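Engineer: I need the structure of the sequence given here:
(chains A, B and C)
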Amino acid sequence: MIFKTPTQYFLVSGASEGYTPLNAFDGALIQAGIGNTNIVKMSSIVPPHCKRISPIALPPGALVPAAYTSITSDVPGEIISAGVAVALPEDENQNGLIMEYSAKGERRKIEEIVRDMAMEGMKLRGWKIKDLKSIAIGYKIKKIGAVLAAVVLWG
Amino acid sequence: MIFKTPTQYFLVSGASEGYTPLNAFDGALIQAGIGNTNIVKMSSIVPPHCKRISPIALPPGALVPAAYTSITSDVPGEIISAGVAVALPEDENQNGLIMEYSAKGERRKIEEIVRDMAMEGMKLRGWKIKDLKSIAIGYKIKKIGAVLAAVVLWG
Amino acid sequence: MIFKTPTQYFLVSGASEGYTPLNAFDGALIQAGIGNTNIVKMSSIVPPHCKRISPIALPPGALVPAAYTSITSDVPGEIISAGVAVALPEDENQNGLIMEYSAKGERRKIEEIVRDMAMEGMKLRGWKIKDLKSIAIGYKIKKIGAVLAAVVLWG
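Structural biologist: Predicted structure coming up:
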């Protein structure tokens, strides 16, 4: 293996205004507690025996793999939301599945969709679900804003 | 170096329907044999002396660097295709080049384009090509579908 | 930590015509001196005590984390530009912040915007800036072209 396999994970979300869309994304990362790390995007698996932990302070500048979704908007009054869901299998030797979804719309709706996506992904694998966790955030734009939801891998 | 340099690679492709575009992408990854890993996207080089192997089962949840392309569609009847090509140099101390291409259209056409792209990339470097390998897949959408082609690095 | 934290960084930029947009991007990477490596995109931090170095030749095929921005165009005569800025904090135990921006328009304007973005990001953190470095490149399209600006992490 080129990289070590992660042993811990946690779910975070954040929302922010910003000077530009990228600044708003940066602000959402900060609010999520991962704004001073180097997030590396990956597709979207929780390794077997990987333990869920509470969000922790990561070393500044660390390279951190994460499955995340983000959306920005510059339409004042618009509501944007982002969510991630983690479906864990009954068989602990199998991996969990992460799904991400962000769109215009209310937090509750986006969280529902991303949970359905994770359940559908496990159905596709023919695996029974032991547990389904999710996090989502909604935000009403003032000028330029971003929302982000992420599953951060660590360990 | 922060990361180890890969020593092996293999080519895969997949296609799938899905509940959402991301579920279809997940299905395409599964059909390609890499759906239970954490794919990290990278640009697009085969290191010198990196050996081509047959696709292998990767550890679930492993972080895996790959050059890939994917396209989704929700237009029933539409044909989408994805392909990757690897051009290897005559001088074995130089690296190979990976190109990726996906679009609406037939598999044969997309594979031809991506092979041309890899040849042009080697021409740009002024390097002679020893070998040109490629893989491509086409798919006709039922409701929501995705295709994916990838060069997976390992070792 | 899954990955080692980088200890060095450098700024590069490049521009190129290409057979396709991806070939132009490949050419821009080559002109920037990182075209024969595997760039892994990350968000956008310079770790504390990470030293700026002059651009160096990286091992071919190495996996290299970088914060970058790129834009392509196929409109002859159009000018596209890409820039990155690095804001370093007065407190050396805090991390620096990288911002990226690319768009249609003159190099000078894009560099000004990306420098403002980095300053705004430090303001959001409530950190004073000790130093602000940036690089940007502009390019006038002949047929199909790309520009790229990057902060490459190494060490």
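Engineer: For the rest of this, base every contact and every neighbour count on C-alpha atoms.
Structural biologist: Fine.
Engineer: give me the residue from chain A nearest chain C.
Structural biologist: Using CA to the nearest CA, the single residue of chain A nearest to chain C is A:Gly61, 3.9 Å away.
Engineer: And the pLDDT at that residue?
Structural biologist: For A:Gly61, the model assigns a pLDDT of 96.
Engineer: burial of the residue nearest to A:Pro47 when sequence neighbours are not counted, as a residue count?
Structural biologist: Of all residues not flanking A:Pro47 in the chain, B:Gly61 sits nearest, at 3.9 Å (CA to CA, 6 or more residues apart in numbering or on different chains). For B:Gly61, the neighbour count with other CA atoms under 10 Å in any protein chain shown is 26.
Engineer: List phi and psi for B:Gly61.
Structural biologist: B:Gly61 has phi and psi values of phi 80, psi 0 when expressed as degrees, to the nearest 10.
Engineer: pretty sure it is touching B:Ile39, no?
Structural biologist: No. Contact criterion CA atoms under 8 Å: B:Gly61 and B:Ile39 do not qualify, at 9.1 Å.
Engineer: doesn't A:Gly96 make contact with A:Ala87?
Structural biologist: Yes. When contacts are counted by CA under 8 Å, A:Ala87 is listed as touching A:Gly96 (5.5 Å).
Engineer: ok, these two, which is more surrounded?
Structural biologist: A:Gly96 (30 against 27).
Engineer: The more buried one pairs with what?
Structural biologist: A:Val46 (DSSP bridges).
Engineer: Now A:Met1: closest residue in space that isn't a chain neighbour?
Structural biologist: Going by CA to CA, 6+ apart, A:Met1 has B:Gly155 as its nearest residue, at 5.8 Å.
Engineer: A:Thr69 touches A:Ile80, doesn't it?
Structural biologist: No. A:Thr69 is beyond contact range of A:Ile80, at 11.9 Å (criterion: CA under 8 Å).
Engineer: what's the overlap in contacts for those two?
Structural biologist: Here A:Thr69 and A:Ile80 share the contacting residues A:Ser102, scored by CA atoms under 8 Å, 6 or more residues apart in numbering or on different chains.
Engineer: between these two, which one's more packed in?
Structural biologist: Higher neighbour count among A:Thr69 and A:Ile80: A:Ile80, with 26 against 21, using other CA under 10 Å.
Engineer: which residue ranges form the strands in chain A?
Structural biologist: A:8-17, A:38-41, A:45-46, A:51-52, A:63-73, A:79-89, A:96-104, A:129-140, A:145-154 (DSSP state E).
Engineer: Ok, which of the ones you listed comes nearest B:Ala118?
Structural biologist: strand A:38-41 (25.5 Å; CA to CA).
Engineer: quick revisit: which residues touch the residue of chain A closest to chain C?
Structural biologist: A:36-38, C:5-6, C:45-48, C:95.
Engineer: Counting neighbours, which of the residues you listed comes out on top?
Structural biologist: Neighbour-wise, the contacts of A:Gly61 (other CA under 10 Å) top out at C:Val46, 32 neighbours.
Engineer: That one: what's it in contact with?
Structural biologist: With CA under 8 Å, 6+ apart, C:Val46 has these contacts: A:61, C:9, C:86, C:95-98, C:153.
Engineer: Then A:Leu29?
Structural biologist: Counting by CA under 8 Å, 6+ apart, A:Leu29 has contacts A:13-15, A:35, A:148.
Engineer: A:Ile53: how many residues sit nearby?
Structural biologist: Using other CA under 10 Å as the criterion, A:Ile53 is surrounded by 11 other residues.
Engineer: wait, isn't it in contact with A:Phe10?
Structural biologist: Yes. Shown here, A:Ile53 and A:Phe10 form a contact pair, counting by CA under 8 Å, at 5.5 Å.
Engineer: From B:Asn23, how far out is A:Ala150?
Structural biologist: 17 Å (CA to CA, to the nearest Å).
Engineer: The residue nearest to A:Lys4 when sequence neighbours are not counted - how many residues pack around it?
Structural biologist: Of all residues not flanking A:Lys4 in the chain, C:Ile2 sits nearest, at 5.6 Å (CA to CA, 6+ apart). Close neighbours of C:Ile2, defined as other CA under 10 Å, add up to 17.
Engineer: Quick check, C:Ile2 in contact with A:Thr7.
Structural biologist: No. The pair C:Ile2 / A:Thr7 is not scored as a contact, 9.2 Å apart, by CA under 8 Å.
Engineer: what comes into contact with stretch A:119-138?
Structural biologist: Outside stretch A:119-138, the residues that reach it (CA under 8 Å, 6+ apart) are A:11-15, A:79-91, A:97, A:105-108, A:110-111, A:115, A:147-149, B:19, B:23, B:26-27.
Engineer: what about it, start to end distance?
Structural biologist: Stretch A:119-138 end-to-end distance (CA to CA) = 22 Å.
Engineer: pLDDT averaged over it, what's the number?
Structural biologist: Averaged across stretch A:119-138, the pLDDT comes to 98.
Engineer: Report the distance from it to the chain centre.
Structural biologist: Computed by CA atoms, centre = their mean, to the nearest Å, the separation of stretch A:119-138 from the middle of its chain amounts to 13 Å.
Engineer: Buried residues in that stretch, which are they?
Structural biologist: Judged by neighbour count (16 or more other CA atoms under 10 Å in any protein chain shown), stretch A:119-138 contains these buried residues: A:119-122, A:127, A:129, A:132, A:134-138.
Engineer: hmm, back to that, have a look at A:Ala150 and B:Asn23 and say which one is more surrounded.
Structural biologist: A:Ala150 (29 against 23).
Engineer: who's in contact with the residue in chain A that chain B sits nearest to?
Structural biologist: Relative to chain B, the nearest point of chain A is A:Pro47 (3.9 Å; CA to the nearest CA). By CA under 8 Å, 6+ apart, the contact set of A:Pro47 is A:5-7, A:94-96, B:60-62.
Engineer: any idea how far it is from B:Ser73?
Structural biologist: 29 Å.
Engineer: Wait, A:Ile30 touches A:Gly14, no?
Structural biologist: Yes. Assessed by CA under 8 Å, A:Ile30 is found in contact with A:Gly14 at 7.4 Å.
Engineer: With neighbour numbers in mind, choose between those two.
Structural biologist: Using other CA under 10 Å as the criterion, A:Ile30 and A:Gly14 rank with A:Gly14 on top: 27 against 19.
Engineer: tell me the pLDDT at that one?
Structural biologist: pLDDT, A:Gly14: 98.
Engineer: and what of A:Asp74?
Structural biologist: Looking at A:Asp74, its pLDDT is 98.
Engineer: That one: neighbour count?
Structural biologist: 16.
Engineer: Contact partners for it?
Structural biologist: A:21, A:141, A:143-145.
Engineer: Which pair of those spans the longest distance?
Structural biologist: Maximum distance among those (CA to CA): 11.5 Å, for A:Pro21 and A:Ile141.
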